[in-house]
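S.K.: please find the sequence and the predicted model below.
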Amino acid sequence: MAQRSEESILYEAHPHIGTNKLPHIIIAMRQQIMDSGGLFLFEKKVVDFDIESRSLWGGQIRSVKTADGNSFEADAFILATGHSARDIFELLRKKNILIEAKPFALGVRIEHPQSLIDKIQYRCDLREAYLPPAAYSVVQQVNGRGVFSFCMCPGGIIAPAATAAGELVVNGWSPSKRNNPYANSGMVVQVEIEDALREVGSGQLTVGNRVSSNPLLFLEFQKMVEQKCFDAGGGKFVAPAQRMADFSNGKFSSTLPSSSYLPGLNSVNLKELLPGFIYESLAKAFMQFGKKMPGYFTNDAVVVATESRTSSPVRIPRDSDTLAHPQLSNLFPSGEGAGYAGGIVSAAMDGERIARHLAVSLKG
């Protein structure tokens, strides 16, 4: 019973496959697509769109161009990049294709000993073998701002996840057995337009609809924090970190607990690193979480910065009926990168919706 059968993903409320098994699943999915007539092209970076007959609010993409000089024509183009394809966001803006700034959440990763989370959740000193490693989910309003756990990984690992040089991003994952001695979770704070404008100092609010004139405002905010964290870690993806109670009390941690994060941790006073509203919200929320889960607020836990890829900081608009971009009738933004999903499952469902729509419309 300690290791659940894979059939459990069919009926569990929170099914878990295991990040270590995902590569084999992706290979099988790719093979199924190829068996159905699909084609995969690797190392083909899209660098330009060839647009024809476009007025301000009308037109089509004739072809996409790649960095190696190839050009690909099609009747329709699905844009499903994922939430970290900054080069595509920048290309869309360069081509004057409408994109919008989208509020997102940013924060840190919290790592506890898994045995401590087990003790808190099961209310026993030692988890029985038939019980899975315990998980948790918490949310707290701090001065009207939401603070919440994100992507909680029982028996998991914190890993580097940056997509550009000179930036530091951390993420969490769990193997199928969830048998690592640590439990980690993203802990993030909602970021609004006013927050990003104050920190980045670029763009301006559009009165009425609250949309910034700078569609990359939140992306710039995201990059700013990630670059600060990289510098504070000292390079080589070493992450700035602080013990949890020290974090909330504004104390420097002279030592750090052991951690699953292999590049290593550098003790930093994160109050001096994170934007003020992020730090204040997290510091107060941690104390409240300790009241909800006695034992959670402890210096045995470590706070690791930064968890900043919760969702896309950009939305690529689309018509609610045609699902196409309002300026380009054959461009179909999809999934997390376009701002229409918040995870693997919801992104897959959105992609399926686009595919079904195109199968009908192109056939007709």
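M.R.: That came through, no problem.
S.K.: going forward, measure contacts and count neighbours with C-alpha atoms only.
M.R.: Will do.
S.K.: neighbours of Gln222, how many?
M.R.: When neighbours are counted by other C-alpha atoms under 10 Å, Gln222 registers 23.
S.K.: switch to numbering from 641
M.R.: Right, with 641 as the first residue, what we last looked at is Gln862.
S.K.: so what's it up against?
M.R.: Going by C-alpha atoms under 8 Å, 6 or more residues apart in numbering, Gln862 touches Leu746, Ser948, Pro953.
S.K.: which element is it on?
M.R.: Applying DSSP states H and E as the criterion places Gln862 in helix 857-873.
S.K.: what pLDDT, on average, does that helix get?
M.R.: Averaged across helix 857-873, the pLDDT comes to 96.
S.K.: re earlier: restricted to strands, list the contacts of Gln862.
M.R.: Leu746 (DSSP state E).
S.K.: the contacts of Gln862 into a markdown table, with extra columns for neighbour count, distance to Ala823 and pLDDT?
M.R.: Below are those laid out as a markdown table (neighbours: other C-alpha atoms under 10 Å; distance: C-alpha to C-alpha, whole Å; pLDDT from 0 to 100):
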| residue | neighbour count | distance to Ala823 | pLDDT |
| --- | --- | --- | --- |
| Leu746 | 24 | 19 | 97 |
| Ser948 | 29 | 19 | 96 |
| Pro953 | 30 | 27 | 94 |
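S.K.: nearest to Glu839 among the contacts of Gln862?
M.R.: Taking C-alpha to C-alpha as the measure, Leu746 is the one of the contacts of Gln862 closest to Glu839, at 13.3 Å.
S.K.: who touches that closest one in this structure?
M.R.: Here Leu746 is in contact with Met827, Val828, Val829, Gln830, Val831, Gln862, Ile918, Thr946, Glu947, Ser948, Arg949, Thr950 (C-alpha under 8 Å, 6+ apart).
S.K.: swap in 6 Å and give it another go.
M.R.: Leu746 makes contacts with Val828, Val829, Glu947, Ser948, as judged by C-alpha atoms under 6 Å, 6 or more residues apart in numbering.
S.K.: so Thr946 touches Ile750, yeah?
M.R.: No. Taking C-alpha atoms under 6 Å as the definition, Thr946 is not a contact partner of Ile750, at 10.2 Å.
S.K.: out of the two, which sits in the busier spot?
M.R.: It is Thr946, of Thr946 and Ile750, that has more neighbours when counted by other C-alpha under 10 Å, with 30 against 25.
S.K.: so that one sits in a helix?
M.R.: No. According to DSSP: H, G, I helix; E, B strand; the rest coil, Thr946 belongs to no helix; its state is strand.
S.K.: and the helix holding Gln862, how far from the chain's centre?
M.R.: Centroid separation for helix 857-873 versus its chain: 14 Å, with C-alpha atoms, centre = their mean, to the nearest Å.
S.K.: next SSE after it?
M.R.: That would be, after helix 857-873 and using DSSP H and E, strand 879-883.
S.K.: state the mean pLDDT of whatever helix or strand comes next after that following strand.
M.R.: Sequence-wise, the next helix or strand downstream of strand 879-883 (DSSP H and E) is helix 884-889. The predicted model assigns helix 884-889 a mean pLDDT of 98.
S.K.: what lines up beside the helix or strand that helix 884-889 is followed by in the sheet?
M.R.: Past helix 884-889, heading to the C-terminal end, the next element that is a helix or strand (DSSP H and E) is strand 905-907. According to DSSP bridges, strand 905-907 has the following sheet partners: strand 879-883 (parallel).
S.K.: now the angle between helix 857-873 and the partner strand, please.
M.R.: 80 degrees (axes from the mean of the first three to the mean of the last three C-alpha atoms, to 10 degrees).
S.K.: counting contacts, what elements does the host helix or strand of Asn811 pack onto?
M.R.: Assigned by DSSP H and E, Asn811 belongs to strand 810-813. Where contact means 3 or more C-alpha pairs under 6 Å, 6 or more residues apart in numbering; DSSP states H and E, strand 810-813 is packed against strand 797-800.
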